[in-house]
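Trainee: Fold the following, please.
(3 chains)
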Amino acid sequence: MHETQIISALWLIGILAEAMTGALAAGRKQMDLFGVVIIGCATAIGGGTLRDMLLGNYPLIWVENVHYLLAIACASLLTVMIAPIMRYLSSFFLAIDALGLAVFSIVGAQKTLMLGYSPLVAIVMGLVTGVFGGVIRDILCNQMPLIFRKELYAVISLLTAAIYVGLKLLGIPEWINLSICIVTGFSLRMLALKYHWSIPTFDYQSGNDQHSH
Amino acid sequence: MHETQIISALWLIGILAEAMTGALAAGRKQMDLFGVVIIGCATAIGGGTLRDMLLGNYPLIWVENVHYLLAIACASLLTVMIAPIMRYLSSFFLAIDALGLAVFSIVGAQKTLMLGYSPLVAIVMGLVTGVFGGVIRDILCNQMPLIFRKELYAVISLLTAAIYVGLKLLGIPEWINLSICIVTGFSLRMLALKYHWSIPTFDYQSGNDQHSH
Amino acid sequence: MHETQIISALWLIGILAEAMTGALAAGRKQMDLFGVVIIGCATAIGGGTLRDMLLGNYPLIWVENVHYLLAIACASLLTVMIAPIMRYLSSFFLAIDALGLAVFSIVGAQKTLMLGYSPLVAIVMGLVTGVFGGVIRDILCNQMPLIFRKELYAVISLLTAAIYVGLKLLGIPEWINLSICIVTGFSLRMLALKYHWSIPTFDYQSGNDQHSH
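Mentor: Numbers count the residues shown, from 1 in each chain, chains lettered A, B, ... in the order given. Here you go, the predicted structure:
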């Protein structure tokens, strides 16, 4: 199996995992099935879409391959059907979500490098691809984006993208680089979840009373 | 009167109706008059703007014809003036909003087809044009987008766009196609409102307590 | 010192001031340090990014000069460090924020004119550049955008952009124009803050109970 096929397969797993997190978030807000599908789609393709819009890189992937949207819609509806047993699958689900985070961050950086941008831009775009699907999901569900205060999600995305770009610059063969980054991103995320790793928070209570209600 | 003039006139009605829903939403949040105008504009042009940004189709309509913004601003301020009698006009208002939904969905699909995209992309962009103005309005007003749980709004948008694209592929003359789609979309929306039609919702209460407050 | 250097220096001050407002807003929501940096960046570059995306003007400034992001990240983290003494600096902080508002509005209009757009589009883009960084900040923090109901923020942005464009059309030399606009925008903002100037609000309580909770 060729390395681009592997990364494509992992990317598809990531997209479907993201669609499921979107569908579950929609379910927590008692949306109707159509809302569930829209949130699922926005979560799955939101990060990559934002990246390509920021880079002016058209056409968007899902505009060129609109069938991805159908797959994502199916994954969202499937989530509704298996929701009753979802809590028994939660470890499995968190694992594929972690895999998705690593793959999205790598793919985002990879595509940006291929478009000829600098390493630093590629790392930033890895982060955008990795986490902004979730940010868009939370905005559409009217809740504070979780990634800004939970379990290193964003830090791991940035780190994974940075390692990928760094090893690429060092001339490491692509398949070794991909393996290292996926294992690292995935493991860090699972460890962060298990041990509730976090970085310090900033708690600023200003003197004005505008937020005191 | 030529068919493109009719669709332009209906599109303008739709834009102004959307501006009014934006202004009313801003009023529910006690915004100042300038906020009312900004929300009115974002609601009226948000769906079409997002569509064109997703397609990379520049310049945007309101950048090329900035006078639309002035018309929308006036419609927003007019809404403030007639607000005291708004509840007596609510049936009329819901009717022009329904007309706007149908026209936006058709125009969104039509423009996307004219740009050379596939039928499926056109249907998706009909939906984006039809409903994302309202989504942007609700995000700016910090409330959960209503279309994700109310009266089939999004479903009717998708359906109208799909019928338009389907009849187009079958070679039905444009003016017959437009008539069928506008009547269908408008009627479905009015019936959905009257009989409180809805599709099933997805109510997912996960085991974690992060949303229990 | 050349006028473009002066406007660049003021623009940098504006960006750093915006980053600080973003960091403080993130702190009010107890985000982690990484969330603080992301909100700081989104606030500082959000308005200009939205303007360039609406105009299809690529590459974005911070994609071409990614070092701006590093400066903004540092400003965000610096804000966390000086937060304990922030309330003693609040007048100074409001002053540089006011300066930033004026400069952003001018630069937004200036760039749009340089791209060949009409005066009205330039004024609208001045407003977008001036205020939408703050709008994006508030959306990411899940709160109603403050500019829609506070102290003329948006009005001053529009007015500053309009004066700049008007004087430009009249053939006033650039440095005189810049001086007038910066002084006017800055003074109006400080006066609006001092005297709690505001424009009328629109308070619409509809008959339905959807917002009565």
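Trainee: Enumerate the residues of chain A near chain C.
Mentor: Residues of chain A lying close to chain C (CB under 8 Å from any CB of the partner chain) are A:53-56, A:117-118, A:120-121, A:124, A:135, A:138-139, A:142-145, A:147-149, A:152, A:154-155, A:158, A:198-207, A:211. C-betas here are computed from N, CA, C, even on glycine.
Trainee: Measure how buried A:Y88 is and give me the count.
Mentor: Using other CB atoms under 10 Å in any protein chain shown, A:Y88 has 10 neighbouring residues.
Trainee: So it: helix, strand or coil?
Mentor: helix (DSSP: H, G, I helix; E, B strand; the rest coil).
Trainee: now it: how far from A:I82?
Mentor: As judged by CB to CB, to the nearest Å, A:Y88 and A:I82 stand 10 Å apart.
Trainee: For chain A, what lies in contact range of chain B?
Mentor: Going by CB under 8 Å from any CB, the residues of chain A near chain B are A:23-24, A:26-36, A:38-39, A:49, A:53, A:56, A:58-60, A:63, A:66-67, A:69, A:80, A:83, A:86-87, A:90, A:139-142.
Trainee: Just the buried residues of those.
Mentor: A:23-24, A:26-29, A:31-36, A:38-39, A:49, A:53, A:56, A:58, A:60, A:63, A:66, A:69, A:80, A:83, A:86, A:139-142 (16 or more other CB atoms under 10 Å in any protein chain shown).
Trainee: how close does the most centrally placed residue in chain A sit to chain C?
Mentor: Closest to where the C-alpha atoms of chain A average out (CA atoms, centre = their mean) is A:G130, at 3.7 Å. Using CB to the nearest CB, to the nearest Å, A:G130 is found at 12 Å from chain C.
Trainee: State whether that residue is indeed within a helix.
Mentor: Yes. A:G130 sits within a helix when classified using three-state DSSP.
Trainee: got a list of what it touches?
Mentor: Listed by CB atoms under 8 Å, 6 or more residues apart in numbering or on different chains, the contact partners of A:G130 are A:G47, A:L101, A:F104, A:S105, A:G108, A:A154, A:S157, A:L158, A:T160, A:A161.
Trainee: Now do the helices in chain A.
Mentor: Taking DSSP state H as the criterion, chain A carries its helices at A:3-28, A:33-55, A:61-64, A:67-82, A:90-114, A:119-140, A:153-169, A:174-195.
Trainee: Out of the ones you listed, name the one with the poorest average pLDDT.
Mentor: Note on the helices of chain A: lowest mean pLDDT is at helix A:3-28, with a mean of 87.
Trainee: and that helix, what other elements does it pack with?
Mentor: Counting contacts by 3 or more CB pairs under 8 Å, 6 or more residues apart in numbering or on different chains; DSSP states H and E, helix A:3-28 is packed against helix A:33-55, helix A:67-82, helix A:90-114, helix A:119-140, helix A:174-195.
Trainee: buried residues in that helix?
Mentor: For helix A:3-28, the neighbour count (16+ other CB under 10 Å) marks A:7, A:10-12, A:14-28 as buried.
Trainee: wait, A:G27 sits on B:F148?
Mentor: No. The pair A:G27 / B:F148 is not scored as a contact, 11.3 Å apart, by CB atoms under 8 Å.
Trainee: What separation do you get for A:G46 and chain B?
Mentor: A:G46 sits 11 Å away from chain B, going by CB to the nearest CB.
Trainee: what about that residue, neighbour count?
Mentor: Applying other CB under 10 Å, we find 24 residues neighbouring A:G46.
Trainee: list the contacts for it?
Mentor: Counting by CB under 8 Å, 6+ apart, A:G46 touches A:F132, A:G133, A:V135, A:I136, A:R137.
Trainee: State the distance from it to A:L60.
Mentor: 11 Å.
Trainee: What of A:S105?
Mentor: 19 Å.
Trainee: Quick one: neighbours of the closest residue to A:V63 other than its chain neighbours, just the number.
Mentor: Using CB to CB, 6 or more residues apart in numbering or on different chains and skipping the chain neighbours, the partner closest in space to A:V63 is B:V121 (5.6 Å). Per other CB under 10 Å, the neighbour tally for B:V121 reads 24.
Trainee: I'd say B:V121 and A:V66 touch.
Mentor: Yes. Between B:V121 and A:V66 there is a contact under CB under 8 Å: 5.2 Å.
Trainee: quick one, what contacts A:A102?
Mentor: A:I156, A:T160, A:C181, A:I182, A:T184, A:G185, A:F186, A:R189.
Trainee: Then A:M53?
Mentor: For A:M53, counting by CB under 8 Å, 6+ apart, the contacting residues are A:L60, B:M53, B:L54, C:M53.
Trainee: one more time with 10 Å
Mentor: Going by CB atoms under 10 Å, 6 or more residues apart in numbering or on different chains, A:M53 touches A:L60, A:V128, B:M53, B:L54, B:G56, C:T49, C:M53, C:Y58, C:L60.
Trainee: quick one, what contacts the fourth one?
Mentor: Spelled out, it's B:L54. Neighbouring residues of B:L54 by CB under 10 Å, 6+ apart: A:49, A:52-53, A:58-60, A:62-63, B:112, B:121, B:124-125, B:128, B:132.
Trainee: which one of those residues sits closest to B:P173?
Mentor: B:T112 (19.9 Å; CB to CB).
Trainee: Done for today, thanks.
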